[in-house]
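Peer 1: Sequence first, predicted coordinates after that:
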Amino acid sequence: MAIRNLLSINKKKNKGVIVDRNKENSFPADLMTKCPECKKIYLTKELESNLKVCPKCDHHYKMTAWERVEIFLDEGTFESFDENLRTSNPLKFPSYLDKIEVDSQKTGLNEAVLTGMGSLKGEQVVVAIMDSHFRMGSMGSVVGEKITRAIEKATEYELPFIIFTASGGARMQEGVISLMQMAKTSVALKRHSDHSLLFISIMTHPTTGGVSASFASLGDINIAEPQSLIGFAGRRVIEQTVREKLPDDFQTAEFLLAHGQLDAIFHRKDMRDKIASIVKIHRKGGIVHV
Amino acid sequence: MSKTLGFEEPVVKLREKIDELKEIANNADVDMSDEIETLESRLQQLESKIYSNMEPWDRVQVARHPSRPTTLDYVQELFTDFIELHGDRYYGDDEAIVGGIAFFEGQPITIIGHQRGKTTKENIRRNFGMPHPEGYRKALRLMKQAEKFNRPIICFIDTKGAYPGKAAEERGQSEAIAKNLFEMAGLKVPVISVVIGEGGSGGALALGVANKLYMLENSTYSVISPEGAASILWKDASLAKQAAEAMKITAGDLKLMDIIDDIIPEVAGGAHRDVLAQSKSLKKFLGLALDELSTLSERELIENRYDKFRKIGEYIELED
């Protein structure tokens, strides 16, 4: 649909909205969206009905944790864990808790990860979904604790554990305690794995630093969404260290796949079906001996 | 010592003055022994005052001191019959991590540690102690080998961090670190890790999922370097000194947070002043830790490691 048609629809429906043609990005924020990749403009509704994937170029927009629950799990089956945990300020960083409060209001989450149990095409699974709208999805004590508790519940109930990662890494404001959450979640995953249970890691944009260097990389099966940024060190840091320009696709999901670091990249529209298939293939007692 | 650290300057200046005075006394053939004695006792006071009141930033300087003992220095003093074992068997041999087998007081043992250089040439060879994925994979290979032969593992942590390079990313830096955290959790033999210099983030932690975790008194352990923290927090890397305080990275801080088991005291002014004496106190801690861990079964060792990391975290739990 051409832009001028959209604008004329816009005018018919709501005469109060005037689009200033001089400013490129001044479309009414919630009515229309401009793709940061292909720069095409379309109705936000169109984007949302397309799982927040650009209908023109397949750019995968970031999603909130609750949006993922909605598109990934069977309707009405999700039960959230540990909503009563709250961030404290162990290093006494000024205004840290204020920032947490703002993001908590904004996202409706107690911290940067939503955990819980639900069913995926009839299969019971424990999930953790990180939300990069909350402090860039960074991992402090509460994120580490929620993920660890979710893994422990999966171990206890002998269920698969599925995580959607979206994180800038360890949270600086909790210092070395944040770093140790990498070890905490990893020891919990080892125990889950020792019970022959399935762990699927789905890396979404962005998955970097300490999160990339712990649970995100530890799946029995590691999946990513197209074009997600995934890596250990930041691009700028690497460029400064090695003093060379990095290729455009550096640290993208496609780059990782080509370098043998991923099992597969799944388009968002296929994610639910394909992950459900993986879970079914690993279902305990699935083998019938004749 | 070749390098004077800022906070030590008064000590060094006073020592120079005493030496000067001694020379004058010798040459001029006058008795200045009273003056010299007074100054020497003042030097002692000054030393103990300065070295017992070190700020976090002072400790960062000591931890980074070019002459600070490295893994191989301690290996030489603490173990016998050390044989270095190389390579990850997949790609290469990363000299930023060394590993091998030896005896510790007659007991077979596996040793793994980050390896810095002391000179520019050495540092280039060792990549400044910043490992690539193959370094971590070599470490894991040697840990699994230790497990097979039921040998305890001692790790020395001393790195600014895992190397942030193009090749490192291509070969899976994240996966290599993550896999070590995961596999160390399940090792059936005692694991002891000691931070001997800088403990920089995930690259340090990848040798740190241990039953006993110690830090040398002037070592640091942090999620990000003070310079990195300062540039993110205040957009100014020169505020590293303030960041070193705010980030709580000293052995004392980590002991207070109950993350490490103990602080291993250093000789006055830092381990580089007396490697032999430092090795002796290190040896004592390692011996005690090995004795204690040798009483645990394979299962208990794994549970002990689980509980140790499981409990780390500070948060508020509201009643439902």
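Peer 2: Noted; the coordinates are in hand. Residues are numbered from 1 along each chain as shown, chains lettered A, B, ... in the order given.

Peer 1: okay, CA-based contacts and neighbour counts for the rest of this
Peer 2: OK.

Peer 1: Can you classify B:Tyr214 as helix, strand or coil?
Peer 2: Under DSSP: H, G, I helix; E, B strand; the rest coil, B:Tyr214 falls in the strand class.

Peer 1: which element is B:Cys155 on?
Peer 2: If you go by DSSP states H and E, B:Cys155 is part of strand B:153-159.

Peer 1: Let me see the contact set for A:Val187.
Peer 2: B:181-182, B:185-186, B:306, B:309-310 (C-alpha atoms under 8 Å, 6 or more residues apart in numbering or on different chains).

Peer 1: let's go with 10 Å and repeat that
Peer 2: Contacts for A:Val187 (C-alpha atoms under 10 Å, 6 or more residues apart in numbering or on different chains) come out as A:148, A:181, A:193, A:215, B:181-186, B:209, B:302-303, B:305-310.

Peer 1: Mind jotting down where the helices sit in the stretch 1-150 of chain A?
Peer 2: For the stretch 1-150 of chain A, the helices defined by DSSP state H, counting those that start in this stretch occupy A:3-13, A:44-48, A:65-72, A:96-107, A:141-156.

Peer 1: Repeat that for the stretch 201-320 of chain B.
Peer 2: Using DSSP H, counting those that start in this stretch, helices in the stretch 201-320 of chain B cover B:201-205, B:226-233, B:240-246, B:251-256, B:275-293, B:298-310.

Peer 1: Mind checking if the first one is in reach of chain A?
Peer 2: Going back to what we said before, that points to helix B:201-205. Yes: Helix B:201-205 reaches chain A (C-alpha under 10 Å from any C-alpha of the partner chain) through B:201-203, B:205.

Peer 1: helices or strands up against that helix?
Peer 2: helix A:175-194, helix A:209-212, strand B:107-114, strand B:153-159, helix B:173-185, strand B:191-200, strand B:220-222 (3 or more C-alpha pairs under 10 Å, 6 or more residues apart in numbering or on different chains; DSSP states H and E).

Peer 1: Just checking the distance from the fourth one to the centre of its chain.
Peer 2: Here strand B:153-159 shows a centroid-to-chain-centroid distance of 7 Å under the convention C-alpha atoms, centre = their mean, to the nearest Å.

Peer 1: do the same with the longest one
Peer 2: Taking C-alpha atoms, centre = their mean, one finds helix A:175-194 lying 19 Å from the centre of the chain it belongs to.

Peer 1: what's across from the closest residue to A:Thr115 other than its chain neighbours in the sheet?
Peer 2: Sequence neighbours aside, A:Ala128 is the residue nearest to A:Thr115 in space, at 4.2 Å (criterion: C-alpha to C-alpha, 6 or more residues apart in numbering or on different chains). With beta bridges defined as DSSP bridges, A:Ala128 has these partners: A:Thr115, A:Ile163.

Peer 1: that older thread, partner strands of the strand holding B:Cys155 and their direction?
Peer 2: Under the rule (DSSP bridges), strand B:153-159 has strand B:107-114 (parallel), strand B:191-200 (parallel) as partners.

Peer 1: Quick check: mean pLDDT of the longest one?
Peer 2: Same thing as strand B:191-200. Mean pLDDT, strand B:191-200: 98.

Peer 1: quick one on the thing from earlier: most tightly surrounded among the helices and strands packed on helix B:201-205?
Peer 2: strand B:220-222 (a mean of 30; mean count of other C-alpha atoms under 10 Å in any protein chain shown).

Peer 1: Against chain A, how distant is the most centrally placed residue in chain B?
Peer 2: In chain B, the centroid-proximal residue (C-alpha atoms, centre = their mean) is B:Ile196; its distance is 1.7 Å. Note on B:Ile196: its distance to chain A, by C-alpha to the nearest C-alpha, to the nearest Å, is 17 Å.

Peer 1: Which of the helices of the stretch 201-320 of chain B comes out lowest on mean pLDDT?
Peer 2: helix B:226-233 (a mean of 89).

Peer 1: Around A:Pro55, count how many other residues there are.
Peer 2: Neighbour count of A:Pro55, defined by other C-alpha atoms under 10 Å in any protein chain shown: 17.

Peer 1: next one: B:Lys49
Peer 2: 11.

Peer 1: which residues touch it?
Peer 2: Here B:Lys49 is in contact with B:Leu43 (C-alpha under 10 Å, 6+ apart).

Peer 1: can you check B:Met32 too?
Peer 2: So B:Met32 contacts B:21-22, B:24-26 (C-alpha under 10 Å, 6+ apart).

Peer 1: now do B:Asp274
Peer 2: B:68-69, B:266-268.

Peer 1: how close does B:Lys311 sit to chain A?
Peer 2: Distance, B:Lys311 to chain A, by C-alpha to the nearest C-alpha: 8 Å.

Peer 1: Same question for B:Met54.
Peer 2: 20 Å.

Peer 1: want to throw the strands paired with strand B:153-159 into a markdown table with distance to B:Met143?
Peer 2: As requested, the strands paired with strand B:153-159 are exported to a markdown table (distance: least, C-alpha to C-alpha, whole Å):
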| stretch | distance to B:Met143 |
| --- | --- |
| strand B:107-114 | 7 |
| strand B:191-200 | 9 |
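
Peer 1: For A:Ala154, which of those strands is the nearest?
Peer 2: Closest approach to A:Ala154 among those (C-alpha to C-alpha): strand B:191-200, 27.5 Å.

Peer 1: Okay, angle between that closest one and helix A:175-194 too, please.
Peer 2: 140 degrees (axes from the mean of the first three to the mean of the last three C-alpha atoms, to 10 degrees).

Peer 1: what's the closest non-adjacent residue to A:Arg68?
Peer 2: A:Ile129 (7.6 Å).

Peer 1: Torsion angles phi and psi at the one residue sitting closest to the centre of chain A?
Peer 2: When C-alpha atoms, centre = their mean is applied to chain A, the residue found nearest the centroid is A:Ala166 (3.8 Å). Main-chain dihedrals, A:Ala166, degrees, to the nearest 10: phi -160, psi 100.
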